[in-house]
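Student: task: produce atomic coordinates for the following.
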Amino acid sequence: MNVEHASVRLINGYARGDTDLAADEVWGLEAHLEGCRVCRDRLSAAVTAGAPGVAALTEAVWSDLEHRLPLSDPAPPRRLRARLSAWTTPAMTPWLATVLAVTLLALLLDLLGPGSGQVSLVLLLAPVLPVCGVAASWSRGLDPAYELTASTPRAGLQLVLRRTASVLAVVIPALLAGGWATGVTAVQWLLPCLAFTSTTLALGGVIGVTRAAVALVAAWAVVVAAPTLATSRTAVVLRTDGLPVWGLILALGVAVVIARRGAYTVLGAHR
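Tutor: Prediction:
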């Protein structure tokens, strides 16, 4: 398997501490160095040749620590909570609980509805429910460690997708259960749900994830939810005829997220 290594310019500039390197290049290089021994060796050689002062300082620190390391206690094993922190944030817990509560309420209202003519609230709310959890997982106001998170090498698209996957892992099973209980097929809500989530992330790279979520939920409430409840008729966008359009929106959202993956390494994505 061919591995694409960092360029000589990037390695040498990083070794010298050049300030003209773009932030996404620095983060990408640091993430690459974690798994590439070849580039780590190249960086070590570049530091020795181009920044002898840094090399001397590193050697002095290492010589001071080397004799102390055997006496130190081994690192404790990672606990479950520490592992979950790579996928979730404390702020997500109440939001996910709220989303599940709304799903349960929609299910109860569907089961207590007057009959087959009643619009399914599970179907109506399913596309926008995960968006609230995604917004909470990447919100500056709800995550006190957002600056620290955004400054790490893995704070880009990988972390965004991890947190989004953790939200979907909680919401989708609840919606599956609600859909099964009310007779709503998964194909009617799953594709709109994923399309809305991908669109939120795509817009989030431009205006911030939280702002994108609020804008999309508001648009859904005005354009789809309110008319549907007023007429007691399932909107066209939630019928099987609209599934190809949702598939296209999902594909476009995923393409934009991939094309603008560098946008999630900046603090603006937390807006």
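Student: my read is that Val119 contacts Ala230, right?
Tutor: No - shown here, Val119 and Ala230 do not form a contact pair, counting by C-beta atoms under 8 Å, at 10.0 Å. Every residue, glycine included, has its C-beta placed from N, CA and C.
Student: neighbour-wise, which of the two wins?
Tutor: Of the pair Val119 and Ala230, Val119 is the one with more neighbours under other C-beta atoms under 10 Å, namely 19 against 9.
Student: ok, now which ones touch that one?
Tutor: Listed by C-beta atoms under 8 Å, 6 or more residues apart in numbering, the contact set of Val119 reads 228-229, 232-234.
Student: so where's the chain uncertain?
Tutor: Low-confidence segments of the chain, defined by pLDDT under 70: 1-3, 66-92, 94-95, 113-118, 137-156, 264-271.
Student: domain parsing of it, as residue ranges.
Tutor: The record's domain split for the chain, according to automatic domain parsing, is 8-71, 80-270.
Student: name the helices or strands packed onto the helix or strand where Leu105 lies?
Tutor: When secondary structure is defined by DSSP states H and E, Leu105 falls within helix 92-111. In terms of contacts (3 or more C-beta pairs under 8 Å, 6 or more residues apart in numbering; DSSP states H and E), helix 92-111 is packed against helix 121-125, helix 129-137, helix 157-182.
Student: between that helix and helix 129-137, how big is the angle?
Tutor: Counting by axes from the mean of the first three to the mean of the last three C-alpha atoms, to 10 degrees, helix 92-111 points 160 degrees away from the direction of helix 129-137.
Student: send the alpha carbons of helix 92-111 over as CSV?
Tutor: Below are the C-alpha coordinates for helix 92-111, written out as CSV (Å, rounded to 0.1, in the frame of the first residue of the first chain):
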residue,chain,number,x,y,z
MET,A,92,-24.7,15.9,24.7
THR,A,93,-26.2,13.8,27.5
PRO,A,94,-29.2,16.2,28.4
TRP,A,95,-29.7,17.0,24.7
LEU,A,96,-29.9,13.3,23.8
ALA,A,97,-32.2,12.7,26.7
THR,A,98,-34.4,15.5,25.5
VAL,A,99,-34.5,14.0,21.9
LEU,A,100,-35.4,10.6,23.3
ALA,A,101,-38.2,12.2,25.4
VAL,A,102,-39.6,14.0,22.3
THR,A,103,-39.5,10.8,20.4
LEU,A,104,-41.4,9.0,23.1
LEU,A,105,-43.9,11.8,23.3
ALA,A,106,-44.5,11.7,19.5
LEU,A,107,-44.9,7.9,19.8
LEU,A,108,-47.5,8.2,22.5
LEU,A,109,-49.4,10.9,20.6
ASP,A,110,-49.4,8.7,17.5
LEU,A,111,-50.7,5.7,19.4
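Student: before we move on, the earlier item: need the winner for burial among the domains of the chain.
Tutor: Neighbour counts (mean count of other C-beta atoms under 10 Å) averaged over each of the domains of the chain peak at domain 80-270, with a mean of 17.
Student: what separates it from the chain centre, distance-wise?
Tutor: Centroid separation for domain 80-270 versus its chain: 11 Å, with C-alpha atoms, centre = their mean, to the nearest Å.
Student: who wins for proximity to Thr93 among the helices and strands packed on helix 92-111?
Tutor: Within the helices and strands packed on helix 92-111, the stretch nearest Thr93 is helix 129-137; the backing value is 9.1 Å (C-beta to C-beta).
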